[in-house]
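S.K.: Sharing a model prediction with you, sequence too.
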Amino acid sequence: MIDLENLLETAKKASLAAGTEILKIYESGDFSIESKSDDSPLTRADKAAHKKIVSFLESTDIPILSEEGRNIPYEERSNWEYFWMVDPLDGTKEFIKRNGEFTVNIALINKGIPIMGVVYPPVLGELYWGLKDKGAFKEVHDSIEELNVSNRRLNEVGLKVVASRSHMSDQTQEFVNSLKEPVVVSRGSSLKFLLIASGEADVYPRFGPTMEWDTAAAHAIVSEAGGSVVQDDEATPLQYNKVNLLNPKFIVLPY
């Protein structure tokens, strides 16, 4: 039997340690360096966080699929019953802009479903997690609160929609226009999902490209807070460990 509580503690420790590594670079970084170059603060933070996370997760003997790790062929990973899915630094634009809205994402996937997720925005110092059938939580300064979605329906007036204020795609704009007097709220990285999980916002349409590791950890948290992450048909849940790790268009709903 797999000890999920124990694995959750390991994932939390890994995310906190990775956050410490990222902050060292974030706080001392020369941000004039080109964001994609091999020695940019972004690249160094990504690699340092990846290395730190792997040092914790290796001991679990569960395979790791990380944005920063090697490209693992589907033939190999399709046989995995459980695996860790990691994005060591989610929110590269936020990191470069220095607005603090970036996160460490660690998820445990079982047969295509994220059953555990830990999301840690190191600048904000908030630790979020969700564990299958155990709920979703946020920890700040040793105080822990349970997360619950708003349960509002899409036909209600004044829904808070998570979207980019500056550049909405046509499809996102159409979706927002279909709502009654919506209020647009903006946030970087996986924090968009967490607004839904905490009930601070009501719906997050994402019609642009994302990868599985961008969404897996926060997906687990939203699910445990009572929400859902579904394709744009508003019914089919996102699946993980697909042949192609690109996500389809999706919507995060508060029910």
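M.R.: Looks like it arrived, so ask away. Residues are numbered from 1 along each chain as shown.

S.K.: As a check, name the ranges of all strands in the stretch 1-150 of the chain.
M.R.: All strands of the stretch 1-150 of the chain, identified by DSSP state E, counting those that start in this stretch, fall at 64-66, 82-90, 103-110, 113-120, 127-131, 135-140, 143-146.

S.K.: got JSON lines for those, with mean pLDDT too?
M.R.: JSON lines is the format used below for the strands of the stretch 1-150 of the chain (pLDDT from 0 to 100):
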{"stretch": "strand 64-66", "mean pLDDT": "96"}
{"stretch": "strand 82-90", "mean pLDDT": "97"}
{"stretch": "strand 103-110", "mean pLDDT": "98"}
{"stretch": "strand 113-120", "mean pLDDT": "98"}
{"stretch": "strand 127-131", "mean pLDDT": "98"}
{"stretch": "strand 135-140", "mean pLDDT": "98"}
{"stretch": "strand 143-146", "mean pLDDT": "98"}
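
S.K.: Now the helix ranked longest in the chain: buried residues?
M.R.: Criterion DSSP state H: the longest helix present in the chain is helix 4-28. For helix 4-28, burial by neighbour count (16 or more other CB atoms under 10 Å) applies to 4, 7-8, 10-12, 14-19, 21-22, 25-26. For every residue, glycine as well, the C-beta is placed using N, CA and C.

S.K.: quick one, helices of the protein?
M.R.: 4-28, 41-57, 74-77, 92-97, 170-177, 191-197, 212-224.

S.K.: Which of those helices sits closest to P205?
M.R.: Evaluated over the helices of the chain, closeness to P205 peaks at helix 170-177, with 4.6 Å, by CB to CB.

S.K.: quick one: average confidence on the closest one?
M.R.: Mean per-residue pLDDT for helix 170-177: 94.

S.K.: Give me the packing partners of that helix, helices and strands only.
M.R.: Packing partners of helix 170-177 (3 or more CB pairs under 8 Å, 6 or more residues apart in numbering; DSSP states H and E): strand 204-206.

S.K.: Residues contacting the strand it packs on, please?
M.R.: 161-163, 171-172, 175-176, 192-193, 195-196, 232, 247, 249-252 (CB atoms under 8 Å, 6 or more residues apart in numbering).

S.K.: likewise stretch 123-133?
M.R.: For stretch 123-133, contacts defined as CB under 8 Å, 6+ apart pick out 4-5, 8, 11-12, 15-16, 23, 26, 100-102, 115-120, 136-141, 147, 194, 197, 218, 220-225.

S.K.: which among these end up buried?
M.R.: Buried among the contacts of stretch 123-133 (16+ other CB under 10 Å): 4, 8, 11-12, 15-16, 26, 100-102, 115-120, 136-138, 147, 194, 197, 218, 220-225.

S.K.: And the lowest-mean-pLDDT helix or strand in the chain, what's buried?
M.R.: Least confident helix or strand, the chain: helix 92-97 with a mean of 86, by mean pLDDT, DSSP states H and E. Within helix 92-97, the residues that count as buried by 16+ other CB under 10 Å are 92, 94-96.

S.K.: cool, stretch 67-86 as well?
M.R.: 67-69, 80, 82-86.

S.K.: Quick one, grab the pLDDT at I22.
M.R.: 95.

S.K.: err, D38, not the other one
M.R.: pLDDT, D38: 67.

S.K.: what do you get for P41?
M.R.: P41 carries a pLDDT score of 79 in this model.

S.K.: isn't it right next to Y26, touching?
M.R.: Yes - when contacts are counted by CB atoms under 8 Å, P41 is listed as touching Y26 (6.9 Å).

S.K.: list the residues that contact both of these two?
M.R.: Here P41 and Y26 have F95 as joint contacts, going by CB under 8 Å, 6+ apart.

S.K.: could the strands of the stretch 1-150 of the chain be laid out in CSV, adding distance to K52?
M.R.: CSV is the format used below for the strands of the stretch 1-150 of the chain (distance: least, CB to CB, whole Å):
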stretch, distance to K52
strand 64-66, 11
strand 82-90, 8
strand 103-110, 9
strand 113-120, 12
strand 127-131, 16
strand 135-140, 20
strand 143-146, 24
